[in-house]
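**Student:** Generate a structure from the sequence data that follows.
(2 chains)
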Amino acid sequence: MSTSSMKFSRRGFLKTSALSGGGILIGFNMFTACSPNAEVPKEVVDISQLNFNDFNAFIKIADNGVVTIFSPNPEIGQGVKTAMPMIIAEELDVAWDNVHVVQAPLDNVNYQRQVAGGSQSIRFGWEPLRQTGATTRQMLVMAAAAKWGVDPSECSTSEGVITNAKGETLGYGEVVKKAAALEVPENVPLKEPKDFKIIGTDAGNVDIDKIITGKPLYGLDYKTEGMVYASVLRPPSFGKKLDSFDDTATKEVSGVIDVIKFDDKVAVLANSTWQAMKGKKALKATWSNGSPMESTEAHDKTLIGLLNGNKFETLRKDGDVKKAFSEADEVVERTYESPFLPHNCMEPMNFYANVTDDKIHLVGPIQTPARTANQIAQKLGRNPEEVALEMTRMGGGFGRRLYGDFALEAAEISNLAKKPVKVVFSREDDMTAGIYRPSIKYRIAASLKDGQITGYHLKEASINSNMYGLIPNFFPAGAIANYQVDVAKYDSNITTGAWRAPYTNFLSFAEQSFFDEIAEKLELDPIQMRLDLLQKVKGTTDDRIQYSAERMEEVINLAVDKSGYYNEEAGVYKGFVAYYCHNTHVAEVAEVVLENNQPVVRKVTCAVDCGIVVNPLGALNQIEGGIVDGVGHTLYGDFIFNDGAPHVNNFDKYRLIRMKEAPEVETHFVKNNLSPTGLGEPTLPPAGAAIAIAIKNATGKRTYKQPLVKNMANAVELG
Amino acid sequence: MPSYSLKINGKSEQVEADADTPLLWALRDHLDMVGTKFGCGVAQCGACTVHVNGSAVRSCQLPVSSLDGMEITTIEGLSEDGSHPVQQAWKEIDVPQCGYCQAGQIMTAAAFLESNPNPTMDEIKNNMHGNICRCGAYNRIQKAVALAAKKMS
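**Tutor:** Numbering: from 1, shown residues only, chains lettered A, B, ... in the order given. As a prediction, this is how the structure comes out:
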């Protein structure tokens, strides 16, 4: 056994509470536990006074030994509702089959990390969740040992049963009451990875039975007595303001109860979703321009203007790029372009709100429950403590549900209507009132001298926001002596935000395509070129560097080996990418074949180093999904603005990847005992670049602009 | 308001709704059967797939007034307890990520396998092509349909 590398000790983070119905409840604030300045909570609490803000992770053990684990983080399809409880169950030493998992809710106090985003739930949860399980187990052992009059060190546990040296046994349920009264022990040792029984085994989705039988589970499925449905008319273009509206025809639609104006929107309330939607269609509104109507055409010119200009913020600067460029044999410069993208979660945005004089009850799919609850309290001028928020399972997130605009709408409407209200977006609402991935352009220049890359200059021109500060420290930072990352942005009235693997979802395409082209120019093997660059990072003393050269090397070698990259197969064209983001190292090899002269992505082989794989079955699903998502949006994702509005608003015109277009995905994990990192995002960014490189190898042409299917025809032969 | 008698999962259900109300919303809002999902409303995504007289159809495009005498099966009625071979295959392969589209995928697959019990991989892909899975679980959907075919044979 080893003690935790992070010092949790007691510090008041573990609290127990005897349950009135029998049993024990252990609470653990896992995210403030990671912070050195966290406030020490007070004494043992009464279950009836329970506030989930004090306890982000929970274990409940009933007298009959049944274990309930409350999963703290929102579930958007990334699998944390299964994986996080597995980590607790491992250290608690119970049989996974005897564990019930329940989604923990949240109320109004703003938390650090009861969030689904950035592929961080497992990474941040790992140590505290283990500590929670291990400490609870230790208390149960102490209780049993006291009952037997033996030292706790003479006892062992397995699958919820404690055994002493004489072979006598006690079930967890038999000692929970006694355990609940004990002092919480400090510095409880954790299991060695070799002793793991649950972590590293395949656990099916905890909600699988409900999903396959159609039980209520998602926000859209939630309803209460007396609830009405709201369909909202929003400005038809970004920048439009509501002047006036005529609801005469709406009020004649059967089932319509009320029409309510709020902000620049009009909500139609009805007895059913269909009637609310029909009522909205019958509204007549006039709009005026509050700010200019923007277009993709204008954005393209603006962003290119930014790249050509000199108004940049420098995020990282090593050596002297200018000098390296002036001394080079050759300078290569390329520009890569991406469109806005909608998230298109399969479950359209929706939220339930019941605002009454004494409280605000919110239920629905949200990746950021705490922030959203606070925003609503602020907007309605209410005390945050009056807000109670329950999270439902989400029909996809992809970043869209980080933003609580739809929950805010529900609360505003309920507040005005004095009724419980469910706001439901139509698909058209969802696609046109989005918080999109911003359109971004990258310009990359490299200086080549004596067969080496001597300088590397990356410029980003983006809509509304620029890459976050860690990204300039990703590969190839540290591997090229003269290196600079500059960013610039244009402020648009089109709302933008995080979209699965923000920035890297396109930056990887740009940089990895660029490396491939540089390798071609230098007549180097593209993989060997990367391996050579990685040698220069080994032993670096620059602690800003985010990736590990050694771990990158390992995924590269694994992907090369498993994909048979160097085995030539007639008619099969390969593309290689190695990438680091969200703390996980990934290498992918895409295989493209030509059918009727059109490139078809047949397969992607993926090597991943995410440390210990908590739930391989769930991990593989994330990896496959990330790759298919990356391939799909790179090939098809097309979203153009004209006069402030998107050119498409439903799946008849907006193309998402479907069954026949999805490549087979083969995954291989690097096996190690390092702490786990997330998988919701890291396999997406490399996929688009890998297929673009494979397509170049098939057709001889490089495409610099996404989506590929639309822009391949304009691909250029450079070189 | 007109009233319609619908035969759903072997039971007769009365729905008081406007004639143009799609079956999707009658199921979800009037009958509290929320397993059938709303995805696009224009028959493009397949999330709302149900069976009408044994065929997979998009319930967002079927007005309640057009269903007189038809046998409707939803995900809730595919089996009583999730024991249909397609449901079991979905569980065994652990198909879902977010899971939202899966009822529609399962209904599409179940009707398809009734008409083609021994499909090739290409036939599976062709038949499932109309159902979008935004999470990209297509590899597993394909495997689960093949496994269900095996279970049914």
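**Student:** what residues are up against whatever residue of the stretch 151-300 of chain A ends up closest to chain B?
**Tutor:** Sorted by distance to chain B under C-beta to the nearest C-beta, the residues of the stretch 151-300 of chain A start with residue A:214, at 1.8 Å. Using the backbone N, CA and C atoms, a C-beta is placed for each residue, glycine as well. Counting by C-beta atoms under 8 Å, 6 or more residues apart in numbering or on different chains, residue A:214 touches B:33, B:34, B:35, B:36, B:74, B:75, B:76, B:103.
**Student:** which residues touch the fifth one?
**Tutor:** With contacts taken as C-beta under 8 Å, 6+ apart, residue B:74 has the following neighbours: A:214, B:8, B:9, B:27, B:33, B:35, B:36, B:50, B:51, B:107.
**Student:** Would you map the strands across the stretch 101-250 of chain A?
**Tutor:** Assigned by DSSP state E, counting those that start in this stretch, the strands in the stretch 101-250 of chain A fall at A:106-107, A:156-158, A:161-163, A:169-171, A:228-233, A:240-246.
**Student:** domain parsing for the chain?
**Tutor:** All of this refers to chain A. A:14-211, A:219-290+A:349-424, A:312-328+A:436-715 (automatic domain parsing).
**Student:** let's do chain B instead
**Tutor:** B:3-78, B:85-152.
**Student:** For the residue in chain B positioned nearest to chain A, give me its contacts.
**Tutor:** Nearest to chain A in chain B, going by C-beta to the nearest C-beta, is residue B:35, at a distance of 1.8 Å. Taking C-beta under 8 Å, 6+ apart as the criterion, residue B:35 is in contact with A:213, A:214, A:215, B:74, B:75, B:76, B:103.
**Student:** How about residue A:76?
**Tutor:** By C-beta under 8 Å, 6+ apart, the contact set of residue A:76 is A:116, A:365, A:367, A:394, A:396, A:397, A:398, A:401, B:98.
**Student:** Tell me how many other residues crowd the residue of the stretch 451-600 of chain A found nearest chain B.
**Tutor:** Nearest residue of the stretch 451-600 of chain A to chain B, counting by C-beta to the nearest C-beta: residue A:500, 10.4 Å away. Counted with other C-beta atoms under 10 Å in any protein chain shown, the burial measure for residue A:500 works out to 25 neighbours.
**Student:** in a helix, that's where residue A:486 is, yeah?
**Tutor:** No. Counting by DSSP: H, G, I helix; E, B strand; the rest coil, residue A:486 falls outside a helix, being strand.
**Student:** Not counting sequence-adjacent ones, nearest residue to it?
**Tutor:** Computed as C-beta to C-beta, 6 or more residues apart in numbering or on different chains, the closest residue to residue A:486 that is not its neighbour in sequence is residue A:312, at 3.6 Å.
**Student:** so how far is residue A:272 from residue A:514?
**Tutor:** Residue A:514 sits 53 Å away from residue A:272, going by C-beta to C-beta, to the nearest Å.
**Student:** Who has more neighbours out of the two?
**Tutor:** Set side by side, residue A:514 and residue A:272 show more neighbours around residue A:514, with 25 against 20, by other C-beta under 10 Å.
**Student:** next one: phi and psi at the more buried one?
**Tutor:** Torsion angles at residue A:514 (phi, psi; degrees, to the nearest 10) stand at phi -60, psi -50.
**Student:** wait, it sits on residue A:333?
**Tutor:** No. Judged on C-beta atoms under 8 Å, residue A:514 makes no contact with residue A:333 at a distance of 9.5 Å.
**Student:** thinking again about what came up before, just checking, the residue of the stretch 451-600 of chain A closest to chain B touches residue A:629?
**Tutor:** Yes. In this structure, residue A:500 is within contact of residue A:629 by C-beta under 8 Å, at 6.6 Å.
**Student:** Now for those two: what residues contact both?
**Tutor:** Here residue A:500 and residue A:629 share the contacting residues A:398, A:684, scored by C-beta under 8 Å, 6+ apart.
**Student:** Poorly predicted segments of the stretch 601-719 of chain A, please.
**Tutor:** Counting by pLDDT under 70, the low-confidence segments of the stretch 601-719 of chain A come to A:714-719.
**Student:** what does it have sitting close to chain B?
**Tutor:** A:617-618, A:621-622, A:624-629, A:632, A:650-652, A:656-660, A:662, A:664-665 (C-beta under 8 Å from any C-beta of the partner chain).
**Student:** rerun at 6 Å
**Tutor:** A:617, A:621, A:624-625, A:628-629, A:650-652, A:656, A:658-660, A:662, A:665 (C-beta under 6 Å from any C-beta of the partner chain).
**Student:** Go through the residues you listed and flag which are in strands.
**Tutor:** Judged by DSSP state E, those include residue A:665 as members of strands.
**Student:** Is it possible to mark the buried ones in the residues of the stretch 601-719 of chain A next to chain B?
**Tutor:** A:617, A:621, A:624-625, A:628-629, A:650-651, A:656, A:658-659, A:662, A:665 (16 or more other C-beta atoms under 10 Å in any protein chain shown).
**Student:** Now go through the residues you listed and say which are in helices.
**Tutor:** Within these, residues falling in helices by DSSP state H are A:617, A:621, A:624, A:625, A:628, A:629.
**Student:** shouldn't the last one be in contact with residue B:135?
**Tutor:** No. Under the contact definition of C-beta atoms under 6 Å, residue A:629 does not touch residue B:135, with a separation of 7.5 Å.
**Student:** which of the residues in stretch A:583-598 are buried?
**Tutor:** A:583, A:584, A:585, A:586, A:587, A:588, A:589, A:590, A:591, A:592, A:593.
**Student:** Quickly find the element holding the fifth one.
**Tutor:** Going back to what we said before, that points to residue A:587. Element membership of residue A:587, judged by DSSP states H and E, is strand A:584-595.
**Student:** residues contacting residue 69?
**Tutor:** I'll assume chain A. By C-beta atoms under 6 Å, 6 or more residues apart in numbering or on different chains, residue A:69 lies in contact with A:59, A:85, A:88, A:99, A:101.
**Student:** quick check, the first one in a strand?
**Tutor:** Yes. Counting by three-state DSSP, residue A:59 is part of a strand.
**Student:** Report the separation between it and residue A:173.
**Tutor:** Computed as C-beta to C-beta, the residue A:59 to residue A:173 distance reads 13 Å.
**Student:** Which one's more surrounded, the two?
**Tutor:** Shown here are residue A:59 and residue A:173; by other C-beta under 10 Å, residue A:59 has more neighbours (26 against 20).
**Student:** Look up which residues are beta-bridged to the more buried one.
**Tutor:** Beta-bridge pairing of residue A:59 under DSSP bridges involves residue A:26, residue A:69.
**Student:** thinking again about what came up before, flag the least confident of the buried residues of stretch A:583-598.
**Tutor:** Across the set of those, residue A:583 stands lowest in pLDDT, at 93.
**Student:** Helix, strand, or coil at the closest residue to that residue other than its chain neighbours?
**Tutor:** Among residues not flanking residue A:583 along the chain, residue A:677 sits closest, at 3.9 Å (C-beta to C-beta, 6+ apart). Secondary structure, three-state DSSP: residue A:677 is coil.
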